[in-house]
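Student: Below are the sequence and a predicted model for it; my questions follow.
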Amino acid sequence: MTSLESTLHSVFGLEGFRPGQEEIVRAVLEGRDVLAVMATGSGKSLCYQLPAVAAGKRCLVVSPLISLMNDQVAKLNLLNIPAATTHSANKDDGEALAAWAERQINLYYVSPERIALPGFFEFLKRHRPDYAAVDEAHCIAQWGHDFREEYRDLGRIRREWGCPVIAVTATATPEVQREIAASLELQDPLIRVHGFYRPNLKFRARMEGGKKARFSEILRLLESLPEGAAIVYCGTRKVVDALTELLRSRKVPAFPYHAGLEADAREKAHRHFQEDARVVLVATNAFGMGVDRPDVRLVVHAQMPGSLEAYYQEAGRAGRDGLEAQCLLFFGGDDAGLQDFFIQQVLETVPSDRRDAWLGNREDKLKLMQRYAHGSACRQAALMDYFGDGERLKDGCGACDNCSETETFEISSELKKDIRIVLSGLARFGTAASFGKGVLIDCLTGKTSERGEAYGHDRLSTFGLLAHKRRPELMGLVDLLIRQGYIQQNGFKYPTLSLTAEGSAVMRDQKEPVLPKRLYDELMTRRPRRSRSAGTVASSVPGGADHGGLWQAIRSWRAETARRKGIPPYTLFWDRTIDDLCVKRPRNLDELAGVFGMGERKCASFGEELLAVLKGAASS
């Protein structure tokens, strides 16, 4: 076992490196600049913490959130690793500064705003770190979804202090990676993208325009939530408040979180999210960076976000403990229009000379988000490709909705005829005109309107051919053809339709239409199929039921110990550690050190207490 592996095991309680970690850690130890793009839950923080501990080096960590810094320092101190933080909530930072100057601290967490203070910057220049880590580095990118102006000046660290820099983030496209490296003035950096394939996450997307139907499905899923946390992301504060009220009326332990709430209310919601055994947070994107709870069993997007970066940053907060978790995305209706409205609002604040480029970039991201939602390919593979992860899933992930529910059905001659009529009706509008679903269905059902008559829709051969069909049924059929790629939706606020090449081939009877049964059930009958991936989140429960009272005894001890120490329970150890304790049932400190997530330092801190709990539960 190398010294790195020994430290990894004895201090951090980990059995080995995750993919990509060791190469990055060794590059940091060699004094190289590094840019690590690693998905949430891939172990980014270890990449800059381990070199400091293993080699006795000093690392300055630049982090954007007070809660994130406090949480990281609490975890490090629990492992007896000297760490401190300085931020606006600190009453007195003199002790931390003195300890840093005397080289008594391995990891020192500060905000980018604090770095910008001239006196503080000069102090750190005199007491230079061995290397600096820039966390959440995507905040540097002016085209990114979490842009922070203060991050733009962090290039001074490399330029004026001359120390190596490791930049880490969970989401950065190749374009953003280039901007991060340039802004931080990284010199010949090692750039690695890892971890976007997360086999424990079950991604699925559901096309549903109505808020009532979305709320009903969300309520059904959350009522089945076992112990653990869930996050429901909403596009607006109004939707957050409405959904929270509904969930509470059904006795679901839900708390709202958005920028319109008082600071005390947000802090209360965050505290419940950290500490409660079962909790649901209903939030806008204001609840974001720094979310570190490992047992989030479900992340729902009640409304489609504006980019794949934002979506993956939020959905990726599920299942950080490696156990199964669900990621459900609702889309359709006016979701794209809402995101376009947000884009137009922010556009007014962008300098005039950059507006066209900024607008084009944001609209391109929204189109890619729509393409992902509508897409029929493997969702994990699509995300990996978007972020440039070199790993490839040749046969798909086997777990997302598009991979696991591929069952098709024999299309009746009547449905096949209806499909061709819909496609033909759209083709007869011509390529020059732009119309949406409503106008198309008006024409097919023979409904006249002033606009339709102005364009001669009542004279088309397809006018009224589906007058015997119910309007909701035709809406579902059009949505189904959009999902299958036979019809393309264009634009955001007032989306229009156009025929694709594949749709044209089906219309001309040159190709047989293929419809997945799952989508047919969802869109034509509006009845979601209760399947392995879409039924409940009960399958995500850790193995407590298999170990009698032992699992619950350990969990109760963890909760009480965490309360005494003033830290979240999962900071002591994850549910995955409880599972391993129940399986291995260690009888002494040596055996306890071999349990996942323990290690020698935790054993020294509370090992005897934990062994007493194990012995007591076994004898009862």
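Tutor: Nice, thanks for sending it over.

Student: Report the contact partners of residue 247.
Tutor: Residues counted as contacts of residue 247 (Cβ atoms under 8 Å, 6 or more residues apart in numbering) are 219, 222, 254, 280, 282. Quick note: C-beta positions are derived from backbone N, CA and C, even for glycine.

Student: Inside strands: which ones of the residues you listed?
Tutor: Mapping the contacts of residue 247 onto strands (DSSP state E) picks out 254, 280, 282.

Student: can you tell me which of those residues lies nearest to residue 188?
Tutor: The closest of these to residue 188 turns out to be residue 282 (Cβ to Cβ; 45.4 Å).

Student: Can you get me a residue count around the closest one?
Tutor: 31 (other Cβ atoms under 10 Å).

Student: correct me, but it touches residue 255?
Tutor: Yes: shown here, residue 282 and residue 255 form a contact pair, counting by Cβ atoms under 8 Å, at 7.1 Å.

Student: what residues are shared contacts of these two?
Tutor: With Cβ under 8 Å, 6+ apart as the test, residue 282 and residue 255 both reach residue 244.

Student: hang on, the earlier thing: can the ones in strands among the contacts of residue 247 go into CSV with extra columns for pLDDT?
Tutor: CSV is the format used below for these (pLDDT from 0 to 100):
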residue, pLDDT
254, 96
280, 96
282, 97
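
Student: Just put those in TSV and tack on distance to residue 87.
Tutor: Compiled in TSV, these are given as follows (distance: Cβ to Cβ, whole Å):
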residue	distance to residue 87
254	30
280	29
282	27
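
Student: Low-confidence ranges, the stretch 101-250 of the chain, go.
Tutor: Residue ranges of the stretch 101-250 of the chain with pLDDT under 70: 142-148.

Student: could you redo the last one with a cut-off of 90?
Tutor: Within the stretch 101-250 of the chain, the segments meeting pLDDT under 90 span 111-118, 120-121, 136-153, 170-176, 193-197, 207-211, 213, 223-228.

Student: That one: strands as residue ranges?
Tutor: Ranges of strands within the stretch 101-250 of the chain are 107-110, 131-134, 165-169, 190-194, 201-207, 228-233, based on DSSP state E, counting those that start in this stretch.

Student: Show me what the fifth one pairs with in its sheet, parallel or antiparallel.
Tutor: Partners of strand 201-207 in the sheet, by DSSP bridges, are strand 325-331 (parallel).

Student: Following the partner strand in sequence, what is the next regular element?
Tutor: helix 335-347 (DSSP states H and E).

Student: ok, and what's touching that next one?
Tutor: The contact list for helix 335-347, computed with Cβ under 8 Å, 6+ apart, reads 235-236, 303-306, 355, 358-359, 362-363, 366, 369-370, 491-495.

Student: The very next helix or strand once past that helix to helix 335-347, inter-axis angle?
Tutor: As assigned by DSSP H and E, the chain's next helix or strand after helix 335-347 is helix 355-374. Between helix 355-374 and helix 335-347, the angle formed by their directions is 160 degrees, by axes from the mean of the first three to the mean of the last three Cα atoms, to 10 degrees.

Student: and the angle for the helix or strand that helix 355-374 is followed by with helix 355-374?
Tutor: Downstream of helix 355-374, the first helix or strand assigned by DSSP H and E is helix 379-387. Relative orientation of helix 379-387 versus helix 355-374 (the same axes, to 10 degrees): 160 degrees.

Student: In helix 379-387, which residues are buried?
Tutor: Residues 379-384, 386-387 are the ones in helix 379-387 that count as buried (16 or more other Cβ atoms under 10 Å).

Student: One more: stretch 441-456?
Tutor: Neighbour-count burial for stretch 441-456 flags 441-445, 447, 452, 455 (criterion: 16+ other Cβ under 10 Å).

Student: just checking, which of those residues belong to helices?
Tutor: 441-444, 452 (DSSP state H).

Student: In CSV, list these along with distance to residue 313 and pLDDT.
Tutor: As requested, these are exported to CSV (distance: Cβ to Cβ, whole Å; pLDDT from 0 to 100):
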residue, distance to residue 313, pLDDT
441, 37, 92
442, 40, 93
443, 42, 93
444, 41, 93
452, 43, 84
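
Student: quick check, nearest of those residues to residue 421?
Tutor: residue 444 (6.7 Å).

Student: That closest one contacts residue 465, doesn't it?
Tutor: Yes: with contacts counted by Cβ under 8 Å, residue 444 reaches residue 465, the gap being 6.2 Å.

Student: Show the contacting residues for residue 262.
Tutor: So residue 262 contacts nothing (Cβ under 8 Å, 6+ apart).

Student: Just want the phi and psi numbers for it.
Tutor: With angles defined as degrees, to the nearest 10, residue 262 sits at phi -60, psi 150.

Student: Let's see the pLDDT reported for it.
Tutor: pLDDT, residue 262: 93.

Student: That one and residue 269, how far apart?
Tutor: Using Cβ to Cβ, to the nearest Å, residue 262 is found at 11 Å from residue 269.

Student: ok, now residue 322?
Tutor: 26 Å.

Student: circling back: and which of the ones in strands among the contacts of residue 247 is nearest residue 138?
Tutor: Taking Cβ to Cβ as the measure, residue 138 lies nearest residue 282 of the ones in strands among the contacts of residue 247, at 24.8 Å.

Student: tell me the contacts of the closest one?
Tutor: Here residue 282 is in contact with 232, 234, 240, 243-244, 247, 254-257 (Cβ under 8 Å, 6+ apart).

Student: would a markdown table of the buried residues of stretch 441-456 with distance to residue 174 be doable?
Tutor: Shown next, in a markdown table, are the buried residues of stretch 441-456 (distance: Cβ to Cβ, whole Å):
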| residue | distance to residue 174 |
| --- | --- |
| 441 | 41 |
| 442 | 44 |
| 443 | 44 |
| 444 | 43 |
| 445 | 47 |
| 447 | 48 |
| 452 | 46 |
| 455 | 43 |
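
Student: Please identify which pair of these lies farthest apart.
Tutor: 445 and 455 (16.2 Å).

Student: Give me the buried stretch members for stretch 53-61, please.
Tutor: 53-54, 57-61.

Student: Ok, stretch 155-172 next?
Tutor: The neighbour-count check on stretch 155-172 (16+ other Cβ under 10 Å) flags 155, 157-158, 161, 163-172 as buried.

Student: In those, find the pair that's most separated.
Tutor: It's 161 and 171 that sit farthest apart of the buried residues of stretch 155-172, by Cβ to Cβ, at 27.2 Å.

Student: packing partners for the lowest-mean-pLDDT helix or strand in the chain?
Tutor: None of the helices or strands of the chain scores lower by mean pLDDT, DSSP states H and E than helix 517-523, at a mean of 78. When contacts are defined as 3 or more Cβ pairs under 8 Å, 6 or more residues apart in numbering; DSSP states H and E, helix 517-523 packs onto strand 201-207, helix 471-483.

Student: Now find how far off-centre that helix is within its chain.
Tutor: Distance of helix 517-523 from the chain centroid (Cα atoms, centre = their mean, to the nearest Å) equals 26 Å.

Student: what do you get for stretch 48-68?
Tutor: 23 Å.

Student: Quote the end-to-end distance of that stretch.
Tutor: Stretch 48-68 has its terminal residues 15 Å apart, counting by Cα to Cα, to the nearest Å.
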